[in-house]
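Participant: With the input below, show me the fold.
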Amino acid sequence: QVHLVESGGGLVQAGGSLRLSCAASVRTFSSYVMGWFHQAPGKAREFVAAISRSGITNYADSVKGRFTISRDNAKNTVYLQMNSLTPDDTAVYYCAADFSFAIRTDLYEYDYWGQGTQVTVSS
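Facilitator: Here you go, the predicted model:
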């Protein structure tokens, strides 16, 4: 069982930055692919970014060049640095974990989810 806790969300003006963190309570954190998804009101949950066991990353087209996912296996934590935020980035952001070798972009591939953290970008 993996317990995930996100933090770092909040209210920011357009053009600003936020860094989300996701702490995992599992001994073998380095064995998990970690992903970030977001869900805006009335919309489906969507892929944002993922990072493999070895640090390979994958991003949704909408965030390429603005967001950076990283992981610190010593701290059992994955991060999402979000720059140049726009109102379209407003959503609840969820951290997810998958015990896999390959990066996953499909939310149904992930086994464990955090409770989410709200990000609101004002114009």
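Participant: Go ahead and flag the most central residue of the protein.
Facilitator: Within the chain, the residue whose C-alpha comes closest to the C-alpha centroid is residue 36; the distance, by Cα atoms, centre = their mean, is 2.3 Å.
Participant: what is that residue paired to in the beta sheet?
Facilitator: With DSSP bridges applied, residue 36 shows beta-bridge pairing to residue 49, residue 95.
Participant: Tell me the confidence at it?
Facilitator: Taken from the predicted model, the pLDDT recorded for residue 36 is 98.
Participant: In the protein, mark out all the strands, start to finish.
Facilitator: Secondary structure of the chain (DSSP state E): strands located at 3-7, 10-13, 18-25, 33-39, 46-51, 57-59, 67-72, 77-82, 91-98, 112-113, 117-122.
Participant: Ok, which of these comes nearest residue 105?
Facilitator: With distances scored as Cβ to Cβ, the stretch of those nearest to residue 105 is strand 46-51 (4.6 Å). Quick note: C-beta positions are derived from backbone N, CA and C, even for glycine.
Participant: quick one: buried residues of the closest one?
Facilitator: By neighbour count on 16 or more other Cβ atoms under 10 Å, the buried set for strand 46-51 is 47-51.
Participant: for stretch 22-35, same thing?
Facilitator: By neighbour count, and taking 16+ other Cβ under 10 Å as the criterion, the buried residues in stretch 22-35 are 22-24, 26, 29, 32-35.
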